[in-house]
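Enquirer: Predicted model and sequence follow; I will ask about them next.
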Amino acid sequence: MPISRSIIRTASLAFLLLSSSATVWAQQPPSAQPAQQMQQAEQAKPDPQMQAVLDALKGLDAKPFSGLTVPQARTQASAADAARTVQRDKKISPMPEAGVATTDIAIPSAGGALPARVYIPEGKGPFPVVLYFHGGGWVVADINTYEATPRALALGSKAIVVSADYHHAPESKFPAQHDDAWAAYTWTVENIHTLNGDAKRIAVAGESAGANLAANVALMAKEKKTTMPVHQLLVYPIAGNDMNTPSYQENADAAPLGKADMEWFVSHVFTSKDETKDPRINLVGRNDLEGLPSATVITAQIDPLRSEGQAYAEKLNAAGVLVNALNYEGVTHEFFGMAKVVDKAKDAVDAANADLTKAFSKTK
């Protein structure tokens, strides 16, 4: 039986409930559950589709990050590789969706050029824009690993998606990644018109460590009183530094991300663990969230980051930000880019695209 969507609104935005433009936020993918109802005492079991991907990942001999060197972690099979394996086994076409063209560019930054891939939908522009940051704990993965999400966002929201890379740790320690994300945003605001994009309609998006970068871009834009993103898509964001939350306790040994893996990432990204107290990491500890753009916050049941993602959604709500918080049961960290083989991933991507489309339409 479908469970109604978790919709977070504040009194200051209550008038939106009476407008037709708010109806998009009231639509519910059947596989999502209100985020605040997620209270599990132990690790849940993945649903059959998610388990098939995890089995494929195991079959590719992927090991927990916590037991690997950085070079080993960067070269072993990823969750995206496992999803593609399931695709192949099920004879689902591996070809990219038609209607999205790509071009590779370099974005200048103080630390050197940042590789980026631009996804351009069919149609007549100027197009709205999504600046997307990939996951990987700021240590592993790149724009090639995280190819499925920006393509799906470009196709579903009819927007140009700029998938921007950033310098990785341990070669470049925190806050190099956050500096790069801001450089990518300022470049996009100033130059996206050259790619037929509309600088007045830019959203920020990311997964995991990349979602933290996206959230920080919005915060930095507010602080600098410059062009604000029109929306934030935050998929299982790193939003805190507490590794004893309920979801960390439930999913300490989860695949493809467990507590020891997160500790491994922290050890490579930060000079000391004390640096994780920085407000750019500990988003849930911030008290300056007023005036930020609307947000879609997507979390997964079997993910140590679930609790902090939900907590950040609640903090945004308390600050008067319009938030759509969705938690998906039976799926793990990294599920969002698996829409071809995991139905709940498709539901999540569809919900994200609906919210992006609504945000873009409000700023025309």
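Expert: Right, received. Where do you want to start?
Enquirer: dump the residue contacts of residue 275.
Expert: Residues in contact with residue 275 (Cβ atoms under 8 Å, 6 or more residues apart in numbering) are 174, 281. C-beta coordinates here come from the backbone N, C-alpha and C atoms, glycine included.
Enquirer: actually residue 62, sorry about that
Expert: 76, 77, 78, 81, 82, 256.
Enquirer: need the contact list for the fifth one.
Expert: For residue 82, the contact set (Cβ under 8 Å, 6+ apart) comprises 53, 54, 56, 57, 59, 60, 62.
Enquirer: and if we set it to 7 Å?
Expert: Contact analysis of residue 82 by Cβ atoms under 7 Å, 6 or more residues apart in numbering lists 53, 56, 57, 60.
Enquirer: Over to the fourth one?
Expert: Contact partners of residue 81, counting by Cβ under 7 Å, 6+ apart, are residue 60.
Enquirer: what's the burial count for residue 47?
Expert: 20 (other Cβ atoms under 10 Å).
Enquirer: I should have written residue 331 there, sorry.
Expert: 29.
Enquirer: Please give the element, helix or strand, for it.
Expert: strand 323-332 (DSSP states H and E).
Enquirer: distance between that strand and the chain's centre?
Expert: 12 Å (Cα atoms, centre = their mean, to the nearest Å).
Enquirer: Ok, stretch 131-143 next?
Expert: Using Cα atoms, centre = their mean, the offset of stretch 131-143 from its chain centre is 10 Å.
Enquirer: Sketch out the low-pLDDT regions of the stretch 251-364 of the chain for me.
Expert: Under the criterion pLDDT under 70, the flagged ranges of the stretch 251-364 of the chain are 364.
Enquirer: And the helices in it?
Expert: 259-269, 306-318, 343-362 (DSSP state H, counting those that start in this stretch).
Enquirer: Need the winner for burial among these.
Expert: helix 306-318 (a mean of 23; mean count of other Cβ atoms under 10 Å).
Enquirer: ok, residue 224 - how many residues close by?
Expert: By other Cβ under 10 Å, the burial measure for residue 224, its neighbour count, is 11.
Enquirer: From the centre of the protein outward, give me the first residue you hit.
Expert: The centre of the chain sits closest to residue 207, judged by Cα atoms, centre = their mean, with a distance of 2.3 Å.
Enquirer: Look up which residues are beta-bridged to that one.
Expert: residue 235 (DSSP bridges).
Enquirer: which SS class is the residue nearest to residue 57 when sequence neighbours are not counted?
Expert: Spatially, and ignoring its direct neighbours in sequence, residue 57 is nearest to residue 82 (3.7 Å; Cβ to Cβ, 6 or more residues apart in numbering). Three-state call for residue 82 (DSSP: H, G, I helix; E, B strand; the rest coil): helix.
Enquirer: try the one 5 residues further on
Expert: Look at residue 87: counting by three-state DSSP, its state is helix.
Enquirer: same question, residue 130
Expert: strand.
Enquirer: OK, contacts around it?
Expert: 153, 157, 159, 161, 203, 205, 356.
Enquirer: With residue 163 instead?
Expert: Counted by Cβ under 7 Å, 6+ apart, residue 163 has contacts 116, 117, 119, 132, 134, 143, 150.
Enquirer: One more pass at 10 Å, please.
Expert: 102, 104, 115-119, 130-134, 142-144, 146-147, 149-151, 153-154, 184, 205-206, 210 (Cβ atoms under 10 Å, 6 or more residues apart in numbering).
Enquirer: mind listing which of these are in helices?
Expert: Using DSSP state H, the subset of those located in helices is 149, 150, 151, 153, 154, 184, 210.
Enquirer: Looking at strand pairing, list the partners for residue 302.
Expert: Legend: beta-bridge partners of residue 302 under DSSP bridges are residue 332.
Enquirer: The chain should start at 227 in everything you say after this.
Expert: Happy to do that; since the first residue is 227 now, the last one works out to residue 528.
Enquirer: Check whether it really touches residue 561, as I assumed.
Expert: Yes. Using Cβ atoms under 10 Å, residue 528 is in contact with residue 561, at 8.7 Å.
Enquirer: Secondary structure of residue 412: a helix, I assume?
Expert: Yes. Checked against three-state DSSP, residue 412 lies within a helix.
Enquirer: That one: neighbouring residues, count only.
Expert: The burial count for residue 412: 19, using other Cβ under 10 Å.
Enquirer: That one reaches residue 390, doesn't it?
Expert: No. Residue 412 lies out of contact with residue 390 (Cβ under 10 Å); the separation is 11.4 Å.
Enquirer: how far away is residue 581 from residue 425?
Expert: 20 Å (Cβ to Cβ, to the nearest Å).
Enquirer: Over to residue 431?
Expert: 16 Å.
Enquirer: Residue 434 too?
Expert: From residue 434 to residue 425 the distance is 27 Å (Cβ to Cβ).
Enquirer: These two: which is more packed in?
Expert: Ranked by neighbour count (other Cβ under 10 Å), residue 434 and residue 425 place residue 434 first, with 28 against 15.
Enquirer: who are the neighbours in contact with residue 509?
Expert: Residue 509 neighbours (Cβ under 10 Å, 6+ apart): 437-438, 441-442, 445, 460, 463-467, 515, 534-535, 537-538, 541-542.
Enquirer: one more time with 7 Å, if that's ok
Expert: With Cβ under 7 Å, 6+ apart, residue 509 has these contacts: 441, 465, 466, 538.
Enquirer: Alright, that wraps it up for me.
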